[in-house]
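Engineer: Sharing a model prediction with you, sequence too.
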Amino acid sequence: MQRNTCVSSYRIAARAAALAIIGFSLLGFSENAAAGQNPAIQQVTIDNFSFTPATLTVPAGTEVTWINHDDIPHTVVSDDKSTFKSRALDTDEKFSFKFDKPGTYPYFCSIHPKMTARIIVQ
Ligand SMILES: [Cu+2]
């Protein structure tokens with residue numbers, strides 16, 4: 001009996017994880033479709049002092065483009081301050097970086113350091 005409980009809770013967890021992954025990919029697809037972009041290019045929107053999506057997972061070799069939809073400037077700077085670093089982006093300005101190596105890349109806005117997000121490259 002104990003064993004069955006373990007198995008079924010594992011299954012529920014696995015199913016929840018699968019649904020979450022499906023949800024995230026649907027979100028990614030609809031954003032791509034809305035932007036009318038090449039699937040190899042992924043976009044992060046800067047809106048209301050936040051990066052959306054906060055975590056973006058992409059395959060190696062993907063170019064990620066950030067676009068600032070706020071009325072004030074923001075930057076996109078990797079936590080190590082050297083992998084990538086944009087200048088201040090005004091409204092509707094973009095910054096792109098191509099991620100060739102797998103890894104987790106946390107980044108922030110140097111003007112508003114509480115704005116943080118990350119790119120996961122697989
Ligand atoms: Cu900012």
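Structural biologist: Yep, that arrived.

Engineer: What is the helix or strand hosting Ile119 packed up against?
Structural biologist: In this structure, Ile119 sits in strand 116-121 according to DSSP states H and E. Secondary-structure packing of strand 116-121 (3 or more Cβ pairs under 8 Å, 6 or more residues apart in numbering; DSSP states H and E): strand 50-52, strand 55-58, strand 103-108. C-beta coordinates here come from the backbone N, C-alpha and C atoms, glycine included.

Engineer: Around the ion, pick out the residues from the chain.
Structural biologist: Contact residues, the chain versus the ion (Cβ under 5 Å from the ion): His74, Cys109, Ile111, His112, Met115.

Engineer: Run through the bridge partners of the first one.
Structural biologist: Applying DSSP bridges to His74 yields these beta-bridge partners: Leu89.

Engineer: What residues does it make contact with?
Structural biologist: Ile46, Phe49, Asn68, Ala88, Leu89, Cys109, Ile111, His112, Met115 (Cβ atoms under 8 Å, 6 or more residues apart in numbering).

Engineer: hmm, back to that, for the residues of the chain next to the ion, which two are the farthest from each other?
Structural biologist: Using Cβ to Cβ, the pair of the residues of the chain next to the ion lying farthest apart is Ile111 and Met115, separated by 8.3 Å.
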